[in-house]
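**Q** sequence unknown, structure follows:
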């Protein structure tokens, strides 16, 4: 596995003249699509596996991937505004992260012809995003959130919580008083035993 990573690191080095800001070391496996790369910032020790599709649409839009982030294969990120991924985060395979929704309310126009709706999306520091999860527009994950595999996430979630399901809901949070992870109801309130 070390051999291909050498070429992935070289690819990131070559692309660094086009990106907004890249810090090294890091690597980028062969992507499917990179669009708007001058508005993509990649921090130090960012590792992106192959088959990613990373798109930035618009002059003021950006994707900011902070230091020490690992992103699995098949990552799809689209941004028409602010999209931030916090440091020390792990994103497993086939995850979608976006800040774009498609307007659909005008029945006389196809969805493709209607404007995009942009809502900032932010993944906090130290999060873990499970395989196949979708982080939708307008989502904010606090520090150290864990998102279950195949979850569909939209909304604001506090630090230190476990989120699962479609639509995703909080099922556990870290209780600072007991120093342990405890089950919660869907509102994130601890369940009394």
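**A** Cool, got the structure. Predicted model, so just to flag it, every value in this text is computed and none were measured.
**Q** any low-confidence regions in the chain?
**A** For the chain, applying pLDDT under 70 flags the ranges 1-3, 19-20, 193.
**Q** without its sequence neighbours, what residue ends up closest to residue 188?
**A** Nearest residue to residue 188, sequence neighbours excluded (C-beta to C-beta, 6 or more residues apart in numbering): residue 170, at 4.1 Å. To be clear about C-beta, it is placed using only N, CA and C from the backbone, and glycine gets the same treatment.
**Q** top strand in the chain by residue count?
**A** strand 168-175 (DSSP state E).
**Q** neighbouring strands of the helix or strand that comes right after it in the sheet, and parallel or not?
**A** Downstream of strand 168-175, the next assigned helix or strand under DSSP states H and E is strand 180-183. Within its sheet, strand 180-183 is paired with strand 168-175 (antiparallel), according to DSSP bridges.
**Q** can you show me the helices along the chain?
**A** Residue ranges of the helices in the chain, as given by DSSP state H, are 2-15.
**Q** number of residues surrounding residue 184?
**A** Residue 184 has 18 neighbours, counted by other C-beta atoms under 10 Å.
**Q** bridging residues for it?
**A** residue 190.
**Q** from residue 153, how far out is the nearest residue to residue 112 once chain neighbours are set aside?
**A** Excluding the flanking residues, the one nearest residue 112 by C-beta to C-beta, 6+ apart is residue 102, at 7.9 Å. Counting by C-beta to C-beta, to the nearest Å, the gap from residue 102 to residue 153 is 18 Å.
**Q** of the two, who's got more company?
**A** Between residue 102 and residue 153, counted using other C-beta under 10 Å, the more crowded position is residue 153 (25 against 11).
**Q** give me the number of residues near the closest residue in space to that one that isn't next to it in sequence?
**A** Leaving out its chain neighbours, the residue that sits closest to residue 153 by C-beta to C-beta, 6+ apart is residue 168, at 4.3 Å. Using other C-beta under 10 Å, the number of residues around residue 168 comes to 24.
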